[in-house]
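> fold the stuff below for me.
(2 chains)
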Amino acid sequence: QKEVEQNSGPLSVPEGAIASLNCTYSDRVSQSFFWYRQYSGKSPELIMSIYSNGDKEDGRFTAQLNKASQYVSLLIRDSQPSDSATYLCAVNSNSGYALNFGKGTSLLVTP
Amino acid sequence: EPEVTQTPSHQVTQMGQEVILRCVPISNHLYFYWYRQILGQKVEFLVSFYNNEISEKSEIFDDQFSVERPDGSNFTLKIRSTKLEDSAMYFCASSRDRGREKLFFGSGTQLSVL
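Residues are numbered from 1 along each chain as shown, chains lettered A, B, ... in the order given. Down below sits the predicted model:
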(Lines give C-alpha, C1' and ligand atoms only; values in the text may rest on other atoms or scores of the structure.)
Protein backbone atom coordinates (compact mmCIF):
# COMPACT_ATOMS: atom_id res chain seq x y z
CA GLN A 1 0.00 0.00 0.00
CA LYS A 2 1.52 3.28 -1.11
CA GLU A 3 1.18 5.76 1.73
CA VAL A 4 1.25 9.54 1.84
CA GLU A 5 1.48 10.88 5.37
CA GLN A 6 0.64 14.34 6.64
CA ASN A 7 0.16 15.84 10.05
CA SER A 8 -3.56 16.49 10.30
CA GLY A 9 -3.15 19.67 12.33
CA PRO A 10 -4.74 22.05 12.81
CA LEU A 11 -1.79 24.29 12.12
CA SER A 12 -2.50 27.78 13.34
CA VAL A 13 -0.42 30.74 12.18
CA PRO A 14 -0.96 34.48 12.52
CA GLU A 15 -1.68 36.55 9.45
CA GLY A 16 1.53 37.52 7.67
CA ALA A 17 3.54 34.60 9.03
CA ILE A 18 5.02 31.67 7.12
CA ALA A 19 3.06 28.43 7.19
CA SER A 20 5.06 25.24 6.73
CA LEU A 21 3.30 22.05 5.68
CA ASN A 22 5.01 18.70 5.45
CA CYS A 23 4.42 15.37 3.74
CA THR A 24 6.22 12.05 3.51
CA TYR A 25 5.59 9.29 1.03
CA SER A 26 6.44 5.61 0.99
CA ASP A 27 6.88 4.78 -2.70
CA ARG A 28 10.51 5.48 -3.49
CA VAL A 29 9.95 5.44 -7.26
CA SER A 30 7.33 8.21 -7.23
CA GLN A 31 8.15 10.94 -9.72
CA SER A 32 5.42 13.60 -9.49
CA PHE A 33 4.27 15.47 -6.42
CA PHE A 34 1.44 17.88 -5.95
CA TRP A 35 -0.07 20.19 -3.37
CA TYR A 36 -3.82 20.75 -3.50
CA ARG A 37 -5.92 23.11 -1.42
CA GLN A 38 -9.40 22.03 -0.37
CA TYR A 39 -11.92 24.32 1.25
CA SER A 40 -14.61 22.66 3.33
CA GLY A 41 -17.19 21.00 1.12
CA LYS A 42 -15.32 21.88 -2.07
CA SER A 43 -13.19 19.99 -4.54
CA PRO A 44 -9.37 19.93 -4.46
CA GLU A 45 -7.63 22.74 -6.31
CA LEU A 46 -4.04 22.42 -7.52
CA ILE A 47 -1.59 24.89 -5.99
CA MET A 48 1.82 23.54 -6.91
CA SER A 49 3.47 20.63 -8.62
CA ILE A 50 7.11 19.59 -8.26
CA TYR A 51 9.11 16.86 -9.96
CA SER A 52 12.79 17.53 -9.21
CA ASN A 53 14.73 17.78 -5.98
CA GLY A 54 14.99 21.29 -4.60
CA ASP A 55 12.70 24.27 -4.38
CA LYS A 56 10.05 25.58 -6.72
CA GLU A 57 8.51 28.99 -6.13
CA ASP A 58 5.21 30.39 -7.38
CA GLY A 59 4.15 33.68 -5.84
CA ARG A 60 3.71 33.21 -2.10
CA PHE A 61 4.08 29.45 -2.38
CA THR A 62 7.27 27.38 -2.36
CA ALA A 63 7.30 23.62 -2.77
CA GLN A 64 10.33 21.66 -1.65
CA LEU A 65 11.19 18.10 -2.64
CA ASN A 66 13.78 15.73 -1.22
CA LYS A 67 13.51 12.36 -2.92
CA ALA A 68 16.28 10.80 -0.82
CA SER A 69 14.29 11.53 2.33
CA GLN A 70 10.94 10.95 0.55
CA TYR A 71 9.77 14.30 1.80
CA VAL A 72 7.75 17.11 0.25
CA SER A 73 6.89 20.41 1.86
CA LEU A 74 4.92 23.54 1.10
CA LEU A 75 5.74 26.97 2.45
CA ILE A 76 3.16 29.73 2.34
CA ARG A 77 4.64 33.17 2.89
CA ASP A 78 2.65 36.17 4.11
CA SER A 79 -0.23 33.90 5.11
CA GLN A 80 -3.71 35.35 4.69
CA PRO A 81 -6.98 34.36 6.38
CA SER A 82 -8.16 33.24 2.92
CA ASP A 83 -5.41 30.60 2.99
CA SER A 84 -7.30 28.83 5.77
CA ALA A 85 -8.12 25.45 4.25
CA THR A 86 -6.98 21.84 4.21
CA TYR A 87 -3.80 21.24 2.19
CA LEU A 88 -3.51 17.89 0.51
CA CYS A 89 -0.25 16.32 -0.55
CA ALA A 90 -0.60 13.99 -3.53
CA VAL A 91 1.84 11.62 -5.19
CA ASN A 92 1.47 9.98 -8.58
CA SER A 93 1.36 6.21 -8.86
CA ASN A 94 3.98 4.44 -10.96
CA SER A 95 1.57 4.20 -13.88
CA GLY A 96 0.89 7.91 -13.74
CA TYR A 97 -2.87 7.41 -13.72
CA ALA A 98 -3.68 7.55 -10.03
CA LEU A 99 -2.99 10.21 -7.45
CA ASN A 100 -2.48 8.99 -3.91
CA PHE A 101 -3.55 11.67 -1.47
CA GLY A 102 -2.60 12.26 2.12
CA LYS A 103 -5.32 13.00 4.65
CA GLY A 104 -4.41 16.66 4.55
CA THR A 105 -3.25 19.29 7.00
CA SER A 106 -5.78 21.81 8.23
CA LEU A 107 -4.36 25.34 8.21
CA LEU A 108 -5.92 28.21 10.14
CA VAL A 109 -4.61 31.71 9.55
CA THR A 110 -5.74 34.03 12.31
CA PRO A 111 -6.15 37.79 11.71
CA GLU B 1 -10.96 28.53 -17.07
CA PRO B 2 -12.75 25.42 -18.40
CA GLU B 3 -14.63 23.34 -15.87
CA VAL B 4 -15.55 19.75 -15.17
CA THR B 5 -19.27 19.57 -14.57
CA GLN B 6 -20.92 17.02 -12.29
CA THR B 7 -24.59 16.21 -11.78
CA PRO B 8 -26.40 15.91 -9.52
CA SER B 9 -24.74 17.85 -6.73
CA HIS B 10 -26.59 15.76 -4.15
CA GLN B 11 -28.05 12.26 -4.49
CA VAL B 12 -29.98 10.43 -1.81
CA THR B 13 -30.74 6.76 -2.35
CA GLN B 14 -31.86 3.70 -0.47
CA MET B 15 -29.45 0.89 0.26
CA GLY B 16 -29.44 -1.65 -2.55
CA GLN B 17 -30.51 0.82 -5.21
CA GLU B 18 -28.48 1.63 -8.30
CA VAL B 19 -27.14 5.14 -8.80
CA ILE B 20 -25.49 6.80 -11.75
CA LEU B 21 -23.28 9.81 -11.22
CA ARG B 22 -22.65 11.96 -14.24
CA CYS B 23 -19.74 14.09 -15.33
CA VAL B 24 -18.87 16.21 -18.33
CA PRO B 25 -15.07 16.42 -18.53
CA ILE B 26 -13.24 19.29 -20.21
CA SER B 27 -13.69 18.88 -23.93
CA ASN B 28 -10.07 18.44 -25.08
CA HIS B 29 -9.07 16.19 -22.19
CA LEU B 30 -8.33 12.54 -22.82
CA TYR B 31 -8.00 11.10 -19.31
CA PHE B 32 -10.92 10.79 -16.94
CA TYR B 33 -11.05 9.82 -13.30
CA TRP B 34 -13.33 9.17 -10.38
CA TYR B 35 -12.25 9.83 -6.81
CA ARG B 36 -14.26 9.69 -3.62
CA GLN B 37 -13.94 11.28 -0.21
CA ILE B 38 -15.75 9.89 2.80
CA LEU B 39 -16.50 12.63 5.32
CA GLY B 40 -13.39 13.44 7.34
CA GLN B 41 -11.19 11.08 5.36
CA LYS B 42 -8.74 11.39 2.52
CA VAL B 43 -9.49 11.67 -1.17
CA GLU B 44 -9.30 8.15 -2.61
CA PHE B 45 -8.65 7.12 -6.20
CA LEU B 46 -11.29 4.86 -7.71
CA VAL B 47 -10.62 4.54 -11.42
CA SER B 48 -9.01 6.12 -14.45
CA PHE B 49 -10.33 5.86 -17.99
CA TYR B 50 -8.48 6.43 -21.24
CA ASN B 51 -9.18 5.52 -24.84
CA ASN B 52 -12.56 4.05 -23.89
CA GLU B 53 -11.24 1.62 -21.37
CA ILE B 54 -10.22 1.46 -17.73
CA SER B 55 -6.51 2.19 -17.44
CA GLU B 56 -6.18 1.72 -13.70
CA LYS B 57 -8.49 0.96 -10.79
CA SER B 58 -8.13 0.74 -7.06
CA GLU B 59 -9.17 -2.02 -4.68
CA ILE B 60 -12.26 0.03 -3.86
CA PHE B 61 -13.48 -0.24 -7.45
CA ASP B 62 -15.02 -3.69 -7.21
CA ASP B 63 -17.71 -5.38 -9.29
CA GLN B 64 -20.36 -3.04 -7.87
CA PHE B 65 -18.80 -0.15 -9.75
CA SER B 66 -18.63 0.52 -13.45
CA VAL B 67 -17.73 3.46 -15.65
CA GLU B 68 -18.84 4.40 -19.09
CA ARG B 69 -18.37 7.11 -21.67
CA PRO B 70 -21.69 6.75 -23.46
CA ASP B 71 -21.08 9.58 -25.90
CA GLY B 72 -18.43 12.13 -26.75
CA SER B 73 -19.02 14.30 -23.73
CA ASN B 74 -20.35 12.39 -20.72
CA PHE B 75 -18.49 10.14 -18.30
CA THR B 76 -20.53 8.17 -15.77
CA LEU B 77 -19.96 6.17 -12.62
CA LYS B 78 -22.55 3.51 -11.80
CA ILE B 79 -22.89 1.85 -8.44
CA ARG B 80 -25.09 -1.21 -8.92
CA SER B 81 -26.28 -1.96 -5.41
CA THR B 82 -25.41 0.80 -3.01
CA LYS B 83 -24.24 0.15 0.52
CA LEU B 84 -24.24 2.47 3.51
CA GLU B 85 -20.45 2.73 3.25
CA ASP B 86 -20.75 4.12 -0.28
CA SER B 87 -21.92 7.40 1.23
CA ALA B 88 -19.27 9.92 0.22
CA MET B 89 -18.47 12.86 -1.99
CA TYR B 90 -17.62 11.60 -5.46
CA PHE B 91 -15.33 13.74 -7.57
CA CYS B 92 -14.89 13.44 -11.29
CA ALA B 93 -11.65 14.75 -12.77
CA SER B 94 -10.04 15.04 -16.16
CA SER B 95 -6.63 15.83 -17.61
CA ARG B 96 -4.99 16.26 -21.00
CA ASP B 97 -2.32 13.73 -20.23
CA ARG B 98 -1.27 11.56 -17.32
CA GLY B 99 1.64 11.80 -14.91
CA ARG B 100 2.63 15.44 -14.60
CA GLU B 101 -0.55 16.91 -16.00
CA LYS B 102 -2.85 18.96 -13.80
CA LEU B 103 -6.07 17.27 -12.77
CA PHE B 104 -9.18 19.41 -13.05
CA PHE B 105 -11.76 18.34 -10.48
CA GLY B 106 -15.49 18.81 -10.70
CA SER B 107 -17.43 20.19 -7.76
CA GLY B 108 -18.54 16.73 -6.68
CA THR B 109 -21.68 14.71 -6.07
CA GLN B 110 -22.57 14.12 -2.43
CA LEU B 111 -24.05 10.61 -2.29
CA SER B 112 -26.05 9.65 0.78
CA VAL B 113 -27.13 6.02 1.11
CA LEU B 114 -29.89 5.48 3.66
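> show me which residues of chain A sit near chain B.
A:31-32, A:38, A:42-46, A:49, A:51, A:88, A:90, A:92-93, A:95-104 (C-beta under 8 Å from any C-beta of the partner chain). The C-beta positions use only the backbone N, C-alpha and C, and glycine is treated the same way.
> report the buried members of those residues.
A:32, A:38, A:43-44, A:49, A:51, A:88, A:90, A:92-93, A:96-104 (16 or more other C-beta atoms under 10 Å in any protein chain shown).
> who's in contact with A:N100?
Residues near A:N100 by C-beta atoms under 8 Å, 6 or more residues apart in numbering or on different chains: A:K2, A:E3, A:V4, A:Y25, A:D27, A:A90, A:V91, A:N92, A:S93, B:F45.
> again with B:E85
Taking C-beta under 8 Å, 6+ apart as the test, what B:E85 contacts is B:I38, B:V113.
> make sure A:L11 is actually in contact with A:I18.
No: using C-beta atoms under 8 Å, A:L11 is not in contact with A:I18; the gap is 11.2 Å.
> which of those two has more residues huddled nearby?
Between A:L11 and A:I18, A:L11 has the larger neighbour count (other C-beta atoms under 10 Å in any protein chain shown), namely 16 against 12.
> and the pLDDT for that one?
A:L11 carries a pLDDT score of 96 in this model.
> now it: phi and psi?
Dihedral angles of A:L11 (phi, psi; degrees, to the nearest 10) stand at phi -100, psi 120.
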